[in-house]
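1. Structure for the following, please:
(one chain, ligands or ions: 1)
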Amino acid sequence: MSSSAPLRDPYKPAARVAGQRQDVWSIVNEAAAASPMQPIVNMGQGFFGYNPPQFVIDAAKLALDKVDCNQYSPTKGRPRLKKAIADAYSPFFGRKLDPEKEVTITTGANEGMLSAFMGFLERDDEAIVFEPFFDQYISNIEMPGGKVVYVPMHPPPNGAFETSSAGEWTINMDALEAAITPKTRMIVLNSPHNPIGKVFSREELLAIGAMATKHNLILLSDEVYDKLYYVPFTRIATLSDDLWQRTLTVGSGGKNFYATGWRVGWLMGPEHLIKYVSAAHTRICYSSVSPLQEATAIGFEEADKYNFWEESKKEMKGKMDKFNKVWQELGLPYSDPEGGYFVLVNMAKVKLPEDYDFPPHVAERPRDFKLSWFLIKEVGVAAIPPTEFFTPENAHIVEDWLRFAVCKNDEILETAMERLRGLKKYIKE
Ligand SMILES: Cc1ncc(COP(=O)(O)O)c(C=O)c1O
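-> Got it, this is the predicted structure:
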C-alpha cells in the first residue's frame, strides 16, 4: 500500500453501534442520580421492585446443586423447559405444541427476536414496526441489514382532556397497507403493548392478520406481557391455521416470573419458522443460562398449584388502579391500561416554568424530555419520555405524555403518589 494512503482510525466503531445521541435510559438515570431529591422514586424502567415468587426462587437455588444445570444446555433449550412451555401454552393455542419442534428457548425475549430477524431478514428486507415501539426492535432489525418501516399508532382524539381506555389507541389499517412493499417480510406486533398498555382486539388482529396473509408476510407477535391482561386477550397465532403457519409468538420468563435479569425467553410457532430462529440463536449465543431455564420450567410446572397467574394479574391490576388514583386527584388524563404494567399520562396541563434551566441535551429534545427532567428534579419521581419510542417525524404524537412503570412495591407507589401531588401547583386548566 502507498505510504500516502490516509491512515484508517483503527478504533472507528461500526455504524450499527456508533450512534451519538444519548439514550433515554442514561438521560433519565443520570438525572435521577444527580437530583437534589434523594432517593428518587424510579418509575422509569420496567424492572420489578420485588423478587420472583418463593417457589421460583427455591427452584433456582436447587438448580445450582445439579451438575447438568451448571453446564451447557442444548442450544434449542432444556427439554424440561420446552415441555413445560408446550404444556402450559397448548391450551391457549388450541393445539398440542410439539416441544421439540415448535418451541425454542432464547436468552430473554430480546435475543429471541434478534434471532428471528437474523433468521429471516436478508439485507434491505423490510420489517414493519408500529410506533411507539420497544426500542430494541429497531437495532435488532438493523443488525442483519433489515430496514424498519414505521406505522404510527394514534392516541384517542380526546386523550389530552379526558382519561380513556388504552384500547382506544388505533392503527390506521390503510396506512399499514400503504407501508407494505415488495421488500416487506415481517410485521412486528406487541400485545399487551409497551408503553401504551393496549391489548389488541380480535377484530384488529384479524385485520392485521388478513394483511399478512394477503402480502405473504411473517408475523412476529411479542406477547411478553401475556399474563397481565385486564380485558380479553387474543393471540394472533390462534385466529386461523394460516396465521399459525406464519406467526412467531414471543414469551419472556423475566416478565412472567418477575425476573428480568434471568434472561430466559422463548419463541413458539410452526417448525418451518422455529428451526431458523434456533439456527440463528445457536450462532449468536449457542445456548441460554442453564439453571435459570430449569427454574423457569419448574415455575411453569408449579404455577397453577400456587394460583400464581391469577394472583399475579390481580396484584398488578391492583397496583395500577391504586397508582392511577393520583391522576384522578390531580385531574390529569391517562390512558387506562388494558394490560401490562405501564401507564401513559397526559401532562399537557402541566405548565413548566418559562425560565426553567434545562441542560442542552434535554432542551433540544421534545417536551416530554423536559417534563421528565422537571419531575425528577422538582418532584423526585422518574418517568420515561415516550417520544424515544417514536421516529422524530411522529414524536409530536406523544410529546405531552410520560410513561410510569407500576411494577414496584406498594410503599414505593405511595411515596410516588405523595410526591406527585406536588405537581398540583404547576397544573393549569
Ligand atoms: C415489549 C417488550 N418486548 C420484549 C421485552 C424484553 O423482554 P426480555 O427481558 O425477556 O428480553 C420487553 C422488556 O421491557 C418489552 O417491553
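2. same for the longest helix along the chain, what does it pack against?
-> Longest helix in the chain by number of residues (criterion: DSSP state H): helix 308-330. If you count contacts as 3 or more Cβ pairs under 8 Å, 6 or more residues apart in numbering; DSSP states H and E, helix 308-330 packs onto strand 334-336, strand 342-346, helix 410-420. Any C-beta I mention is one placed from the backbone N, CA and C, and that applies to glycine too.
3. What residues sit buried inside the last one?
-> So that's helix 410-420. Neighbour-count burial for helix 410-420 flags 412-413, 415-417, 419-420 (criterion: 16 or more other Cβ atoms under 10 Å).
4. quick one: which of those is nearest Asp174?
-> Of all the buried residues of helix 410-420, Asp174 sits closest to Leu420, with 39.1 Å by Cβ to Cβ.
5. list the contacts for that closest one?
-> Residues near Leu420 by Cβ atoms under 8 Å, 6 or more residues apart in numbering: 326, 330, 379, 381.
6. ok, now with 7 Å
-> Applying Cβ atoms under 7 Å, 6 or more residues apart in numbering to Leu420 gives the contacts 326, 379, 381.
7. neighbour-wise, which of these leads?
-> Neighbours here mean other Cβ atoms under 10 Å. Within the contacts of Leu420, the largest count is held by Val381, at 26 neighbours.
8. isn't that one right next to Val41, touching?
-> Yes - between Val381 and Val41 there is a contact under Cβ atoms under 7 Å: 4.8 Å.
9. Need the overlap of contacts for those two.
-> Common neighbours of Val381 and Val41, counting by Cβ under 7 Å, 6+ apart, are 416, 419.
10. Mind checking the pLDDT average for the longest helix of the chain?
-> Averaged across helix 308-330, the pLDDT comes to 98.
11. i'd like the first residue to be 244 from this point on
-> Sure thing, new numbering starts at 244, so read that last one as helix 551-573.
12. among the helices and strands packed on helix 551-573, which is nearest the ligand?
-> Among these, the nearest to the ligand by Cβ to the nearest ligand atom is strand 585-589 (8.2 Å).
13. just the angle between the closest one and helix 653-663, please?
-> Strand 585-589 runs at 10 degrees relative to helix 653-663, counting by axes from the mean of the first three to the mean of the last three Cα atoms, to 10 degrees.
14. any idea how far the residue lying closest to Tyr584 once chain neighbours are set aside is from Phe298?
-> In this structure, Tyr584 finds its nearest non-sequential neighbour in Cys650, 4.3 Å apart by Cβ to Cβ, 6 or more residues apart in numbering. For Cys650, the distance to Phe298 (Cβ to Cβ, to the nearest Å) stands at 19 Å.
15. Compare the two (neighbour count), which wins?
-> Cys650 (24 against 17).
16. which ones are touching that one?
-> Here Cys650 is in contact with 289, 291-292, 559, 584 (Cβ under 7 Å, 6+ apart).
17. And for Phe376, the neighbour number?
-> For Phe376, the neighbour count with other Cβ under 10 Å is 24.
18. Near the ligand, which residues of the chain? Just list them.
-> Contact residues, the chain versus the ligand (Cβ under 6 Å from any ligand atom): 289, 351-353, 377, 433, 437, 465, 467, 495, 497, 503, 508.
19. of all these, which two lie farthest apart?
-> The distance between the two most remote of the residues of the chain next to the ligand (Cβ to Cβ) is 16.3 Å, for Asn433 and Thr503.
20. residue ranges for the strands of the stretch 244-393 of the chain, please.
-> In the stretch 244-393 of the chain, the strands defined using DSSP state E, counting those that start in this stretch lie at 284-285, 346-349, 369-374, 390-397.
21. Can you add mean pLDDT and distance to Thr477 and give these back as CSV?
-> Converted to CSV, these look like this (pLDDT from 0 to 100; distance: least, Cβ to Cβ, whole Å):
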stretch, mean pLDDT, distance to Thr477
strand 284-285, 94, 33
strand 346-349, 98, 20
strand 369-374, 98, 17
strand 390-397, 97, 17
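22. And the ones you listed: which comes nearest His515?
-> Of all those, strand 346-349 sits nearest to His515, with 12.8 Å by Cβ to Cβ.
23. For Cys312, list the residues it contacts.
-> 306, 533-534, 537.
24. Most neighbours of all these, which one?
-> Neighbour counts for the contacts of Cys312 peak at Glu537, which has 24 neighbours (criterion: other Cβ under 10 Å).
25. Let me know the angle separating the one helix or strand that one maps to from helix 551-573.
-> Here Glu537, judged by DSSP states H and E, is contained in helix 533-545. Per the same axes, to 10 degrees, the angle that helix 533-545 makes with helix 551-573 is 90 degrees.
26. And helix 533-545, what does it pack against?
-> If contacts are counted by 3 or more Cβ pairs under 7 Å, 6 or more residues apart in numbering; DSSP states H and E, helix 533-545 sits against helix 297-306, helix 322-336.
27. Remind me what the first one packs against, helices and strands.
-> Contact partners of helix 297-306 among helices and strands, from 3+ Cβ pairs under 7 Å, 6+ apart: helix 533-545.
28. So which bits of the helix it packs on are buried?
-> For helix 533-545, a neighbour-count test (16+ other Cβ under 10 Å) marks 533-545 as buried.
29. cool, stretch 507-519 as well?
-> Buried residues in stretch 507-519, counted by 16+ other Cβ under 10 Å: 507-513, 516-517, 519.
30. Residues in contact with that stretch: which ones?
-> 328, 332, 340, 344-352, 354-355, 359, 362-363, 461, 480, 487-488, 490-497, 520, 531-532, 535-536, 539.
31. Pull it out as PDB, backbone CA atoms only.
-> The C-alpha atoms that make up stretch 507-519 are tabulated as PDB, following Å, rounded to 0.1, in the frame of the first residue of the first chain:
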ATOM      1  CA  VAL A 507     -34.900 -16.600  29.800                       C
ATOM      2  CA  GLY A 508     -37.200 -16.200  26.800                       C
ATOM      3  CA  TRP A 509     -38.800 -18.400  24.100                       C
ATOM      4  CA  LEU A 510     -40.400 -18.400  20.700                       C
ATOM      5  CA  MET A 511     -43.300 -20.600  19.700                       C
ATOM      6  CA  GLY A 512     -44.500 -21.300  16.200                       C
ATOM      7  CA  PRO A 513     -44.500 -23.800  13.400                       C
ATOM      8  CA  GLU A 514     -41.400 -25.900  12.700                       C
ATOM      9  CA  HIS A 515     -40.600 -24.200   9.400                       C
ATOM     10  CA  LEU A 516     -40.200 -20.900  11.300                       C
ATOM     11  CA  ILE A 517     -38.800 -22.100  14.700                       C
ATOM     12  CA  LYS A 518     -36.000 -24.100  13.200                       C
ATOM     13  CA  TYR A 519     -34.400 -21.000  11.600                       C
END
